[in-house]
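Asks: Predicted model and sequence below, questions to follow.
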Amino acid sequence: MKKLFAMAVLLFSTLGLSAQNFGIKGGVGYSTLNGGKVSGVEVKGRVGFYAGAFMELPLGSSFALQPEVIYSQQGTKWEVTRLGQTASLQLKNSYINVPVMAKLKIGNLSLMAGPQLGFLVGTPTQELSLNKNSVKFNKDAFASLDFGVGAGVEFLITKGLFIDLRYTQGLVNTLDKNNSSLKELEISDKNNFKNATLTLGLGLKI
């Protein structure tokens, strides 16, 4: 993770030669996994937080490019019903996400869209609601890289303070299809799930 942050600092330092705005942002996120599941399983979301920094590069009076480096808590919650009994399984994982958003400015409102690359950090864990036990997964059970696309809106409240609303959909499988420990959860026959996250937060342009 230290190497990744060092790369981010170097990137922002280089881009800063022509940048107009540097800033920080953070807020809450509602994440889930989209994919095929077995009968008796209901997929719900997990609430977490995100925080990071961004650089806004003007490309004219109405357009800009905004690279970001964001730490994001993600995951999901499964409700599994077997023999009339329902148990909750909460999956917790974290990413360093690097979106690059194109921005169209319309007064105080900006429309944003662009790709995002994610790096899995830490060790994903599973928490069972019945006994509150947490089990750490082998990190190899998850893809180390995630790729998706995001879109959202930004509203400038004051000269430096803004609200940011964004939805990001993953395009690649976040799990290892052949991992036996994941199959033992009986959540999915194919272990084929993609990240999906809705975030809402505040940002400050410096």
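Replies: Perfect, I can see it now.
Asks: Spell out, range by range, the strands that occur in the chain.
Replies: With DSSP state E as the criterion, the chain has strands at 21-35, 41-44, 46-58, 63-82, 85-106, 109-128, 134-136, 145-156, 161-170, 193-205.
Asks: got TSV for these, with distance to Asp176, mean neighbour count and mean pLDDT too?
Replies: For every residue, glycine as well, the C-beta is placed using N, CA and C. Converted to TSV, these look like this (distance: least, C-beta to C-beta, whole Å; neighbours: other C-beta atoms under 10 Å; pLDDT from 0 to 100):
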stretch	distance to Asp176	mean neighbour count	mean pLDDT
strand 21-35	13	18	90
strand 41-44	18	14	76
strand 46-58	20	18	93
strand 63-82	16	19	87
strand 85-106	13	18	88
strand 109-128	11	17	87
strand 134-136	15	11	61
strand 145-156	13	16	96
strand 161-170	15	18	96
strand 193-205	11	19	93
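Asks: Wait, Gly26 touches Ala53, no?
Replies: No - at 9.8 Å, Gly26 does not count as touching Ala53 under the criterion of C-beta atoms under 8 Å.
Asks: Now do the contacts for the spatially closest residue to Leu161 that is not a sequence neighbour.
Replies: Using C-beta to C-beta, 6 or more residues apart in numbering and skipping residues adjacent in sequence, the residue nearest Leu161 is Leu204, 5.8 Å away. Each residue near Leu204 by C-beta atoms under 8 Å, 6 or more residues apart in numbering is listed here: Gly23, Ile24, Lys25, Gly160, Leu161, Phe162.
Asks: Can you convert those into CSV and add a column each for distance to Gly107?
Replies: As requested, the contacts of Leu204 are exported to CSV (distance: C-beta to C-beta, whole Å):
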residue, distance to Gly107
Gly23, 19
Ile24, 23
Lys25, 20
Gly160, 16
Leu161, 16
Phe162, 13
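Asks: quick one on the thing from earlier: and the residue nearest to Leu161, bridged to which residues?
Replies: For Leu204, the beta-bridge partners are Ile24, Leu161 (DSSP bridges).
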